[in-house]
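Student: Okay, here's the prediction I keep looking at, along with the sequence it came from:
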Amino acid sequence: MNPLESLLDRRSYSLSKLGHPAPSEEELRNLFDLVMTTPDHGNVKPWRFIVARGDNMQKLGDLTLELYKRQSDSGELKDKAYRSAREIAEVPMMIMVVTDLDPEHKVSLWDQRLCVGAAAQNIMNGLHLMGYGGLWYTFLANDNTKPMFGMKPDDQVVAAIAVGTPKPHFVKKIKRQSPERYCFEWQGLGVTPTPLFTK
């Protein structure tokens, strides 16, 4: 048996495909224990995780409408804005993955940012292994959210991950691309890498 089989079924679910329940307090602790295994050169821990759940999801939906207003030249909202806000309010949980970089550290800011992205992927994998679903949502990942989440000006939102239980009729395997076209074996300086896998 392929030991990676359980992860090969991982997929993302749109907001409307996620329902209750969300992870419990104990499950969240386990999830973030997993996140602490993220490769972190220099042990900087350049991240912060902000969890929204319960009644605060409605507040997050209201925040989404405000962000749409700020992006609209006329200040008018289209149906898409209201639909997005409603879907966010109905999702049971959102995990904001935020940078907390140390510019004085010998580890480069680039490496620190990559580390935070890897932490977000660990959250996605962990949710899947626990039977939950997630969506790495990007609309909330912009500068307008910083004061709303108590972030420092130099902080960045790397991910806003919607979390919930996938609705049963949406749980199915999806066809993946083969890795063949993306993987190569190095053959030495000045030599074109060759395909790693042969058909």
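Tutor: The structure has been received and is ready for your questions.

Student: and the residue positioned nearest the centre of the chain, what helix or strand is that in?
Tutor: Centre of the chain computed as the mean C-alpha position; nearest residue by C-alpha atoms, centre = their mean is Trp136, 3.6 Å away. Trp136 is part of strand 133-137, with elements assigned from DSSP states H and E.

Student: likewise Leu65?
Tutor: Assigned by DSSP H and E, Leu65 falls within helix 56-71.

Student: For that helix, give me every contacting residue.
Tutor: The set of residues that contact helix 56-71 without belonging to it, under C-beta atoms under 8 Å, 6 or more residues apart in numbering, is 52, 75, 77, 81-82, 84-86, 88-94, 139-140, 142, 144-145, 148. The way it works is simple: take the backbone N, C-alpha and C, and place the C-beta from them, glycine included.

Student: Cross those against helices and list the overlap.
Tutor: Filtering those for membership in helices, criterion DSSP state H, returns Ala81, Tyr82, Ser84, Ala85, Arg86, Ile88, Ala89, Glu90.

Student: out of those residues, which is most surrounded?
Tutor: Ile88 (24 neighbours; other C-beta atoms under 10 Å).

Student: so how far is Gln71 from that one?
Tutor: Relative to Gln71, Ile88 is positioned 15 Å away (criterion: C-beta to C-beta, to the nearest Å).

Student: got it, and Glu27?
Tutor: Using C-beta to C-beta, we find Glu27 at a distance of 35 Å from Gln71.

Student: These two: who's more crowded?
Tutor: Summary of the neighbour comparison: Glu27 and Gln71, criterion other C-beta under 10 Å, with Glu27 having more neighbours (16 against 12).

Student: The more buried one touches Met130, doesn't it?
Tutor: Yes: between Glu27 and Met130 there is a contact under C-beta atoms under 8 Å: 5.9 Å.

Student: does the closest residue to Val91 other than its chain neighbours sit in a helix, a strand or a coil?
Tutor: Counting by C-beta to C-beta, 6 or more residues apart in numbering, the nearest residue to Val91 once its immediate chain neighbours are dropped is Ala162, at 4.7 Å. Taking DSSP: H, G, I helix; E, B strand; the rest coil as the rule, one finds Ala162 in the strand state.

Student: In contact with Ala162, which residues?
Tutor: Leu15, Leu18, Ile88, Val91, Met93, Met94, Gly134, Leu135, Tyr137.

Student: And it, how far from Ile95?
Tutor: From Ala162 over to Ile95 (counting by C-beta to C-beta), the distance is 8 Å.

Student: Can you list the buried residues in the lengthiest helix in the chain?
Tutor: Once the chain is assigned using DSSP H, the helix that runs over the most residues is helix 109-129. By neighbour count, with 16 or more other C-beta atoms under 10 Å as the criterion, the buried positions of helix 109-129 are 111-113, 115-117, 119-120, 122-128.
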